[in-house]
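Undergrad: Turn this into a structure:
(one chain, ligands or ions: 1)
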Amino acid sequence: MNMTLLHPTPFSDDRSNPHVHVAAGGSAYDNTREVLSQINLAAAVKGKRVLLKPNAGRIATAESGITTNPQVVAAAIDVFLEAEASVAVGESPITGVKTMEAFEATGIASVARERNCPLIDMDARQPVHVLVEDGVAIQSLEVCPEVVEYDVVVSIPVMKTHMHTVVTLAVKNMKGCLWRRTKVDLHMLPQIEDMDDKTLNIAIADMSSVLRPHLSIIDGTTGMEGMGPSAGQAKKLDLVVAGLDPFAVDAVACSLMGLNAEDVPHLRICAERGYGVIDISRIQVNPDMWHDFISPFEPPPDNLSIQFPGITLLDENSCSACQSTVLMLLKRHRKQVLDSFPGQENVTIAIGKGHQSVPRGTLCIGNCTAQHKKQGVFVAGCPPVATQILEMISESNPEESPDVQIE
Ligand code: SF4
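TA: Numbers count the residues shown, from 1 in each chain. You can find the predicted model right below:
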């Protein structure tokens, strides 16, 4: 049964024993071609319209481990063109990032242009309103229109850990198909009574009931460990994973990262609901010696205060846009932040919408913390950028203004 809003899949696979393919050691381009050669694509996609959805949600290069390697996208374009499909690449980036600028920065624009492959700003048109009948945390979504128009949707994320969702892989990458700022809404939902899981993870599972890729290609050329999705360390693996069941593909990717998919809440919830298979013993992984490619990732830290001595970060239901701002701020300018609060041994920073209260003197970052603005220093924005934060804290402490150098 096809319960998603996407077109019915043109591919066939054993849903109870899905196949997942891993290729390692070659170039990003060759590894991608290798895994796709294992899937019988040609007959299924001839004459179809294929939408590739990489992670080009930020201004970053592939070497950073933040965005999808352009050679993985190039190989996918070539394979689909050779199969006589028409191909486009689409993205709806995080708040504050312009789609075409991100495509240029990642190198995806260049490989697409070389192949006369259209690039789509999926935020440009009006969204499609979709009911989520299975929804526990959400009952509707606003989806970029291309997602429902194309015959085949391919999720092409980077292999990364994530501060809020443990990992971000093929299933979660589909969140980049939610229209403009509506993707932020999933981070803003209140905790559901009597449920232990964070509402964000339940909402991602809800989204997966309607928004599920037909094919998933995970770029493990350079992934990200630790404070993903944007402030961790790049991790070179030189591998690519692909398959038709996005949950099985994610589960194998988790294993390659030294993680158990059962410990990733949104994947566990999806499997419990029967959306796909994450039990490795039920997945046919090719080649047999794929375990040789396992390279454990540093998990995301539980406590950011340990990562940044002198800083206590209170994060309640923020989204990754504010998280990234704060993590980059602390990575590059922690001393300036500390110097701006003279006499305080510890600086408390709050982000996100879920705070009942914050301690006096807190640096409240982002519009979501506006109700606590009288408690300390408030920086408006959604998200604000580091320059705004540094300017605001230096204005609040004129005698101690840091010599701010912002890149
Ligand atoms: S203020 Fe920050 S946490 Fe709140 S919606 Fe905007 S980016 Fe997300």
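Undergrad: Any chance you could note which residues of the stretch 1-150 of the chain sit beside the ligand?
TA: Counting by CB under 6 Å from any ligand atom, the stretch 1-150 of the chain comes close to the ligand at T95. Quick note: C-beta positions are derived from backbone N, CA and C, even for glycine.
Undergrad: In the stretch 1-150 of the chain, what residue comes closest to the ligand?
TA: Minimum separation of the stretch 1-150 of the chain from the ligand (CB to the nearest ligand atom) falls at T95, amounting to 5.7 Å.
Undergrad: What sits closest to that residue if chain neighbours are left out?
TA: Residue nearest to T95 in three dimensions, not counting chain neighbours: A321, with 4.7 Å by CB to CB, 6 or more residues apart in numbering.
Undergrad: pLDDT score assigned to the one you found?
TA: Note for A321: predicted pLDDT of 79.
Undergrad: just the one 5 residues further on next, same as before
TA: Among the per-residue scores, V326 shows a pLDDT of 91.
Undergrad: which strands and helices sit next to the helix or strand harbouring it?
TA: Using DSSP states H and E, the element containing V326 is helix 320-339. When contacts are defined as 3 or more CB pairs under 8 Å, 6 or more residues apart in numbering; DSSP states H and E, helix 320-339 packs onto strand 311-315, strand 347-351, strand 363-365, helix 386-396.
Undergrad: buried set for that helix?
TA: Using 16 or more other CB atoms under 10 Å as the burial criterion, the residues of helix 320-339 that qualify are 320-327, 329-330, 333-334, 336-339.
Undergrad: continuing past the helix or strand containing Y29, what's the next helix or strand?
TA: For Y29, the enclosing helix or strand under DSSP H and E is helix 28-37. Heading C-terminal from helix 28-37, the first helix or strand you meet, by DSSP H and E, is helix 42-45.
Undergrad: Show me which residues of the stretch 201-350 of the chain sit near the ligand.
TA: Contact residues of the stretch 201-350 of the chain with respect to the ligand, defined by CB under 6 Å from any ligand atom, are listed as S318, C319, A321, C322.
Undergrad: Farthest-apart pair in those residues, please.
TA: Among these, the pair separated by the greatest distance (CB to CB) is S318 and A321, at 8.2 Å.
Undergrad: need the contact list for the closest residue to the ligand within the stretch 101-250 of the chain.
TA: Closest to the ligand within the stretch 101-250 of the chain is V184: 4.6 Å, counting by CB to the nearest ligand atom. For V184, the set of contacting residues under the criterion of CB atoms under 8 Å, 6 or more residues apart in numbering consists of T95, C319, A321, C382.
Undergrad: Give me the three-state assignment for the last one.
TA: C382 carries the three-state label coil when classified by DSSP: H, G, I helix; E, B strand; the rest coil.
Undergrad: do you know how far it is from A370?
TA: In this structure, C382 lies at 10 Å from A370, with CB to CB, to the nearest Å as the measure.
Undergrad: More neighbours: the two, which one.
TA: Comparing C382 with A370 by other CB atoms under 10 Å, the one with more neighbours is C382, at 14 against 11.
Undergrad: Tally up the residues packed near the closest residue in space to the more buried one that isn't next to it in sequence, please.
TA: In this structure, C382 finds its nearest non-sequential neighbour in N367, 4.7 Å apart by CB to CB, 6+ apart. Here the count is done by other CB under 10 Å, and N367 has 16 residues near it.
Undergrad: okay, N367: pLDDT?
TA: Predicted confidence (pLDDT) for N367: 95.
Undergrad: Would you agree the residue of the stretch 1-150 of the chain closest to the ligand is in contact with R181?
TA: Yes - when contacts are counted by CB atoms under 8 Å, T95 is listed as touching R181 (5.9 Å).
Undergrad: what secondary structure does S110 sit in?
TA: Secondary structure assignment for S110 (three-state DSSP): helix.
Undergrad: Is it in contact with P70, as I believe?
TA: Yes - counting by CB under 8 Å, S110 does reach P70; the two are 6.7 Å apart.
Undergrad: Can you tell me which helices and strands the helix or strand where H21 lies packs against?
TA: For H21, the element it lies in under DSSP H and E is strand 19-24. With contacts defined as 3+ CB pairs under 8 Å, 6+ apart, strand 19-24 has these neighbours: helix 28-37, strand 233-243, helix 246-256, strand 284-286.
Undergrad: Same list, these, but as CSV with distance to D196 please.
TA: Written out in CSV, the entries for the helices and strands packed on strand 19-24 read as follows (distance: least, CB to CB, whole Å):
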stretch, distance to D196
helix 28-37, 36
strand 233-243, 29
helix 246-256, 20
strand 284-286, 31
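Undergrad: Single out the most deeply packed of those.
TA: Across these, the average number of neighbours (mean count of other CB atoms under 10 Å) peaks for helix 246-256, which reaches a mean of 28.
Undergrad: helices and strands around that one, which ones?
TA: Contact partners of helix 246-256 among helices and strands, from 3+ CB pairs under 8 Å, 6+ apart: strand 19-24, strand 166-168, helix 170-173, strand 215-225, strand 233-243, helix 265-272.
Undergrad: contacting residues for N17?
TA: Under the criterion of CB under 8 Å, 6+ apart, the neighbours of N17 are V277, R282, I283, Q284.
Undergrad: Could you rerun that using 6 Å?
TA: When the contact criterion is CB atoms under 6 Å, 6 or more residues apart in numbering, the partners of N17 are R282, Q284.
Undergrad: my guess is it is in a strand, correct?
TA: No - secondary structure assignment places N17 outside any strand; it is coil (three-state DSSP).
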